[in-house]
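J.: Kindly return the folded structure for what I paste below:
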Amino acid sequence: MTTKTTFSPAEICEMFGIVKTTLFRWEADKKLSPVRRKLNKEREYTKTHVKEIAHMHIETLSQLYERAAEAEDPQQMAKIHEALTMTKILYLDDPSGVTELAQQIPLTDKVIQQLLKKATETSTNDRLFREIIEVLHQHVNHTNP
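T.: Numbering: from 1, shown residues only. Below you'll find the predicted structure:
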């Protein structure tokens with residue numbers, strides 16, 4: 001995740017590519033833990049909310065992946081798979097996402113940037129850090145034999 005501990009609605013929407021109405025609907029439908037308000041009444045989301053939203057995002061992406069598979073659209077499947085794995089890595093700190101991503105060598109520039117940023121936010125003793133470094137190493141070896 002990030003070293004930040006709280007997030008504005010705009011930050012959450014940017015992280016997951018959703019609109020505020022969707023975010024606020026999830027809140028109203030009680031799909032999220034209660035959201036605290038600042039003194040100025042602005043919503044303040046926590047890492048717990050980020051994880052809850054990440055799980056919902058993964059569920060939606062999984063459904064989209066199934067539709068792309070049924071339509072036999074490998075390009076769309078690859079794009080959705082990348083979004084799924086990056087959600088696991090960036091917002092759930094899940095090393096299995098890195099293992100899945102390793103199957104997609106070569107990596108896009110955007111993915112490399114996100115992985116590098118995540119690595120800088122992760123302890124070097126953490127398994128996630130080691131997995132990220134390994135995937136980046138594989139990428140470099142693949143693109144520069």
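J.: so what secondary structure elements neighbour the helix or strand harbouring E27?
T.: In the assignment (DSSP states H and E), E27 maps to helix 20-28. Where contact means 3 or more CB pairs under 8 Å, 6 or more residues apart in numbering; DSSP states H and E, helix 20-28 is packed against helix 9-16, helix 47-70. Where you see a C-beta, it was placed from the backbone N, CA and C, and this is true even at glycine.
J.: Let's see that helix as PDB, backbone CA atoms only.
T.: This file holds the C-alpha atoms of helix 20-28, laid out as PDB (Å, rounded to 0.1, in the frame of the first residue of the first chain):
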ATOM      1  CA  LYS A  20     -17.400   9.600  -6.400                       C
ATOM      2  CA  THR A  21     -21.000   8.500  -6.900                       C
ATOM      3  CA  THR A  22     -19.900   4.900  -6.900                       C
ATOM      4  CA  LEU A  23     -17.800   5.400  -3.800                       C
ATOM      5  CA  PHE A  24     -20.600   7.100  -2.000                       C
ATOM      6  CA  ARG A  25     -23.100   4.500  -3.100                       C
ATOM      7  CA  TRP A  26     -20.900   1.700  -1.600                       C
ATOM      8  CA  GLU A  27     -20.800   3.700   1.600                       C
ATOM      9  CA  ALA A  28     -24.600   4.200   1.600                       C
END
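J.: next helix or strand past that helix?
T.: Following helix 20-28 toward the C-terminus (DSSP H and E): strand 36-37.
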